[in-house]
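S.K.: missing the sequence, but the structure's below:
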C-alpha cells in the first residue's frame, strides 16, 4: 500500500506524527495484519460518513483494495498549477471507487 511503485500522487514534504503512526505502523504492509487494519479503517470511515453525509443520496464507500496512502500532500501535486497550500496530512486514494479522503 505504501511502497507500491507506480504512478501515484506522492508528497515529498516533511513527515510528522501522522506519518510516524499511520505510515510507520497502521498502513505499513511490512507489518503483519495490514489487510485487517485497512478493513477496520474503511469500516470506521464508511460508517461515520454514512451517518453524517447525505448529499443527493450519495453513498460513500471506501474500499480496502486498490487504495494508496500518502502524507503531507500539497495541492499542486493533485491540480498542477495551484497554490502550494497543504491539502491533507493523510491522503487516501481509492482507485476502485474513484474517491479520495483528505484528513
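M.R.: Here it is on my side, so go on. A quick note: this is a predicted structure, and the numbers were derived from the prediction, not measured. Numbers count the residues shown, from 1 in each chain.

S.K.: Which of the helices and strands in this protein ranks last by mean pLDDT?
M.R.: Here the helix or strand of the chain ranked lowest by mean pLDDT, DSSP states H and E is helix 17-18, holding a mean of 72.

S.K.: so how far is that one from its chain's centroid?
M.R.: 14 Å (C-alpha atoms, centre = their mean, to the nearest Å).

S.K.: for stretch 31-41, same thing?
M.R.: Taking C-alpha atoms, centre = their mean, the mean C-alpha location of stretch 31-41 is offset from the chain mean by 14 Å.

S.K.: Give me the pLDDT value at residue 8.
M.R.: Reported pLDDT at residue 8 in the predicted model: 64.

S.K.: typo on my end, residue 36
M.R.: pLDDT at residue 36 comes out at 92.

S.K.: Phi, psi for it please.
M.R.: The phi and psi values for residue 36, taken as degrees, to the nearest 10, are phi -70, psi -40.

S.K.: could you measure it against residue 42, distance?
M.R.: Look at residue 36 and residue 42: by C-beta to C-beta, to the nearest Å, they are 11 Å apart. Where you see a C-beta, it was placed from the backbone N, CA and C, and this is true even at glycine.

S.K.: related to what we said a few turns ago, now for the least confident helix or strand of the chain, which elements pack on it?
M.R.: With contacts defined as 3 or more C-beta pairs under 8 Å, 6 or more residues apart in numbering; DSSP states H and E, helix 17-18 has no helix or strand neighbours.

S.K.: Need the residues that contact it.
M.R.: Under the contact criterion C-beta atoms under 8 Å, 6 or more residues apart in numbering, helix 17-18 has outside partners 71, 89, 90, 103.
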